[in-house]
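**Q** the following comprises the amino acid sequence and a computationally predicted model.
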Amino acid sequence: MATVKEIEKKLGPLAQLHELSQSTEERLSAINALAEHVSHKPKRFENSAARSSTPWSRPIAVNEMVWAMDVAVSASSTRD
C-alpha cells in the first residue's frame, strides 16, 4: 500500500502538468486565431482607405476643373 501511495504521490504533479499543458495548448490556439484575425485588419483598412479616397479625389478634381474654367471664362470676358 505504501508503494501505491508513493506512486500516486509522484504521479499527481504529472497529471497536473498534463492538464496545464492541455490548457496552455488551448490558449495558444486561441491566441494564434486572434493573431491571424488581427493580422488581416490592416489589409482591410488599406483596402477601405483606397476605396474611400477615390470618391473624395474625384470631387476635388472636378472642383479644380470648374475653378480653372471660371478663371478662363473670367479672363475671356474681360478681354471682350
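**A** Structure received. Remember, predicted model here, so these are calculated numbers, not experimental data. Numbering: from 1, shown residues only.
**Q** P13 and E19: what is the separation?
**A** Using CB to CB, to the nearest Å, one obtains 11 Å as the distance from P13 to E19. Where C-beta positions appear, they are placed from N, C-alpha and C, glycine not excepted.
**Q** go on, M69?
**A** From M69 to E19 the distance is 76 Å (CB to CB).
**Q** then K5?
**A** Distance from K5 to E19, by CB to CB: 21 Å.
**Q** so where's this structure shaky on pLDDT?
**A** Low-confidence segments of the chain (pLDDT under 70): 49-57, 80.
**Q** so which helix or strand takes in the residue nearest the centre of it?
**A** Centrality entry for the chain: nearest residue to the mean C-alpha point is K41, 1.7 Å, by CA atoms, centre = their mean. In the assignment (DSSP states H and E), K41 maps to helix 2-79.
**Q** W67: how many residues sit nearby?
**A** W67 is flanked by 10 other residues according to other CB atoms under 10 Å.
**Q** now swap in the one 3 residues further on and tell me
**A** Summarising burial for D70: neighbours were counted as other CB under 10 Å, giving 10.
**Q** so what's T24 up against?
**A** Residues in contact with T24 (CB atoms under 8 Å, 6 or more residues apart in numbering): none are found.
**Q** and it, how far from G12?
**A** For T24 relative to G12 (CB to CB), the value is 19 Å.
**Q** could you do S39 as well?
**A** For S39, the distance to G12 - CB to CB - is 41 Å.
**Q** and if you look at K41?
**A** 44 Å.
**Q** ok, now A33?
**A** Distance from A33 to G12, by CB to CB: 32 Å.
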